[in-house]
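A.B. asks: coords below, sequence missing:
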């Protein structure tokens with residue numbers, strides 16, 4: 001071997017190891033960089049005329065395990081699904097409050113029982129009657145508030161869905177562009193490690209939102225599909241299309257998320273697409289969809305059923321303790337009041353008249369607070385004027 005050949009061989013070794021030192025330096029500098037994969041240098045022998053002529057850097061290779069990456073993406077999707085659901089459940093728990101607190105729905109139910117128990121001691125006390133009515137109203141107000149807040153949480157979940165779809169669409173287009181750069185570099189024999197790192201980071205973004213898998217499609221580019229097999233990217237990118245609801249009520253019907261082919265030239269999506277919702281098995285998007293479409297409506301239905309059943313049972317108890325069918329006449333107790341005395345009543349009272357079939361034919365409500373200080377005769381005349389003469393009369397201190 002000539003002296004020049006020896007020197008050239010030594011130079012190739014220095015240059016190759018200089019590049020290796022650069023790779024090592026980059027590995028150390030990026031040890032805390034999220035998504036960075038360690039690089040190693042692969043060497044190859046330079047052969048000229050059948051003889052060794054030094055060393056060359058054949059490739060700068062990423063140290064990754066595709067099996068572990070695939071499983072990590074699926075595990076991330078599963079974890080993020082329940083993280084999204086946990087976020088809504090946490091807010092829901094704050095709305096429901098401590099079951100033992102008087103401000104919670106169960107606490108207001110307990111208050112109804114307590115007030116009714118107090119009322120049973122002396123039903124004539126107006127304060128006890130008012131308290132019982134107030135507690136029943138408070139229960140209804142709380143049930144209505146919870147229903148409203150549940151719909152607000154459904155709207156919040158819908159907003160998350162729309163936001164995360166934008167994130168997925170952006171990541172898909174980034175991966176598509178990186179695929180083209182990586183393929184071009186691969187064909188040219190240039191290192192692709194840094195570009196592959198960026199591509200993996202984009203796929204990691206998607207894997208938090210959706211359950212995805214990848215497969216190679218030539219020249220080091222990859223295709224992306226959902227775990228159920230829906231294509232998100234091959235040689236043509238797709239985009240998710242969804243229009244969030246302007247407002248959310250119990251009657252709202254949400255649009256489906258669709259996967260549409262994307263035209264890079266016009267930057268528009270095709271008008272037809274495949275539904276994505278049924279294909280998702282993991283990811284935060286699945287969590288938001290489940291909370292919006294299943295969990296929150298189910299809870300709203302349960303609260304509605306509780307409120308309805310409470311009203312039915314209160315009505316049943318009330319109906320069991322009134323005269324049905326109504327008697328032909330009712331008589332109060334002797335209060336000693338005479339026709340010329342002030343009525344002395346407060347609040348409202350409704351008087352009814354029935355026909356032979358016990359059906360209500362007329363009713364009249366007197367607001368005693370509004371009529372002011374008038375005599376019993378004035379009250380009787382007002383009621384009889386509305387329902388018919390002889391409906392109400394005062395006899396020996398008793399209203400009949």
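C.D. replies: Here it is on my side, so go on. This is a predicted model, so every value here is computed, not measured.

A.B. asks: Walking through the stretch 51-200 of the chain, point out its helices one by one.
C.D. replies: 66-96, 105-121, 126-188, 193-209 (DSSP state H, counting those that start in this stretch).

A.B. asks: so which of these comes closest to residue 262?
C.D. replies: helix 126-188 (7.6 Å; CB to CB). All C-beta spots, glycine's among them, are computed from the backbone N, C-alpha and C.

A.B. asks: For that closest one, name the packing helices and strands.
C.D. replies: Packing contacts for helix 126-188, counted by 3 or more CB pairs under 8 Å, 6 or more residues apart in numbering; DSSP states H and E, involve helix 66-96, helix 105-121, helix 193-209, strand 222-226, strand 231-233, strand 238-241, helix 284-290, helix 296-320.

A.B. asks: Please name the nearest non-neighbouring residue to residue 26.
C.D. replies: Spatial nearest neighbour of residue 26, chain neighbours left out: residue 39 (6.7 Å); criterion: CB to CB, 6 or more residues apart in numbering.

A.B. asks: With residue 377 instead?
C.D. replies: In space, residue 377 is closest to residue 339, 4.5 Å off (CB to CB, 6+ apart).

A.B. asks: now residue 207
C.D. replies: Using CB to CB, 6+ apart, the closest residue to residue 207 is residue 73 (3.8 Å).

A.B. asks: picking up where we left off before, which one of the helices of the stretch 51-200 of the chain lies closest to residue 355?
C.D. replies: Checking the helices of the stretch 51-200 of the chain against residue 355 by CB to CB gives helix 126-188 as the closest, at 30.1 Å.

A.B. asks: Between strand 222-226 and the closest one, find me the angle.
C.D. replies: If you take axes from the mean of the first three to the mean of the last three CA atoms, to 10 degrees, helix 126-188 sits at 160 degrees to strand 222-226.

A.B. asks: okay, the angle between helix 126-188 and helix 105-121?
C.D. replies: Using the same axes, to 10 degrees, helix 126-188 lies at 170 degrees relative to helix 105-121.

A.B. asks: quick one: average confidence on helix 126-188?
C.D. replies: Mean pLDDT, helix 126-188: 93.

A.B. asks: Over to stretch 355-370?
C.D. replies: Rounded mean pLDDT across stretch 355-370 is 81.

A.B. asks: now the end-to-end length of it.
C.D. replies: Start-to-end span of stretch 355-370 (CA to CA, to the nearest Å) is 30 Å.

A.B. asks: for stretch 368-379, same thing?
C.D. replies: 9 Å.

A.B. asks: for stretch 235-252, same thing?
C.D. replies: 37 Å.

A.B. asks: gap between residue 59 and residue 16?
C.D. replies: Counting by CB to CB, to the nearest Å, the gap from residue 59 to residue 16 is 12 Å.

A.B. asks: Pull up the overlap in contacts between the two.
C.D. replies: residue 41 (CB atoms under 8 Å, 6 or more residues apart in numbering).

A.B. asks: who's more crowded, those two?
C.D. replies: residue 16 (19 against 15; other CB atoms under 10 Å).

A.B. asks: any idea whether the more buried one is helix, strand or coil?
C.D. replies: What DSSP: H, G, I helix; E, B strand; the rest coil gives for residue 16 is helix.

A.B. asks: didn't it look like it was pressed against residue 60?
C.D. replies: No: between residue 16 and residue 60 there is no contact under CB atoms under 8 Å: 11.3 Å.

A.B. asks: returning to that earlier point: let me have the helices and strands packed on helix 126-188 in TSV, extended by distance to residue 186 and mean pLDDT.
C.D. replies: Below are the helices and strands packed on helix 126-188 laid out as TSV (distance: least, CB to CB, whole Å; pLDDT from 0 to 100):
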stretch	distance to residue 186	mean pLDDT
helix 66-96	16	90
helix 105-121	62	88
helix 193-209	10	92
strand 222-226	12	94
strand 231-233	18	94
strand 238-241	24	95
helix 284-290	32	96
helix 296-320	48	89
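
A.B. asks: of these, which approaches residue 35 most closely?
C.D. replies: helix 193-209 (4.0 Å).

A.B. asks: between that closest one and helix 66-96, how many degrees?
C.D. replies: Using the same axes, to 10 degrees, helix 193-209 lies at 40 degrees relative to helix 66-96.

A.B. asks: So what sits opposite the residue nearest to residue 26 in the bridge?
C.D. replies: Applying DSSP bridges to residue 39 gives these bridge partners: residue 62.
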